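Chemist: got a predicted structure plus its sequence, pasted below:
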Amino acid sequence: MLRKRRKLQFWDVLSEQPRIIICTAIYHVGIRFFLHYQLFQQITNSQPVKIRRP
């Protein structure tokens, strides 16, 4: 019963605050992309390569 209640509360919070969750998700994705982009730039500084977008 406790687990079920926790799940219900969790989903209630999700439905109540979708903006916060979406913002946090975008924020995390942005940080990851930024870090990967920095690494990519450092690697390609020695070898200039055209950036291909998937």
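Modeler: Cool, the structure landed. All values reported here derive from a predicted model rather than from experimental measurement.
Chemist: CA atoms for contacts and neighbours, from now on please.
Modeler: Noted.
Chemist: secondary structure class of Leu35, three-state.
Modeler: helix (DSSP: H, G, I helix; E, B strand; the rest coil).
Chemist: now for the chain, the helix or strand with the poorest mean pLDDT.
Modeler: helix 2-16 (a mean of 64; mean pLDDT, DSSP states H and E).
Chemist: burial check on Ile21, number of neighbours?
Modeler: Residues lying near Ile21 (other C-alpha atoms under 10 Å) number 13.
Chemist: no no, His36
Modeler: 12.
Chemist: before we move on, what's the pLDDT of it?
Modeler: Listed pLDDT for His36 reads 87.
Chemist: what's the spacing between it and Ile20?
Modeler: From His36 over to Ile20 the distance is 24 Å, taken as C-alpha to C-alpha, to the nearest Å.
Chemist: and what of Leu39?
Modeler: Distance from Leu39 to Ile20, by C-alpha to C-alpha: 29 Å.
Chemist: also Thr44?
Modeler: 35 Å.
Chemist: then Ile43?
Modeler: 35 Å.
Chemist: now Gln42
Modeler: Taken as C-alpha to C-alpha, the span from Gln42 to Ile20 is 33 Å.
Chemist: and for Phe34?
Modeler: Distance from Phe34 to Ile20, by C-alpha to C-alpha: 21 Å.
Chemist: then Ile26?
Modeler: 10 Å.
Chemist: between those two, what contacts are shared?
Modeler: Here Ile26 and Ile20 have no joint contacts, going by C-alpha atoms under 8 Å, 6 or more residues apart in numbering.
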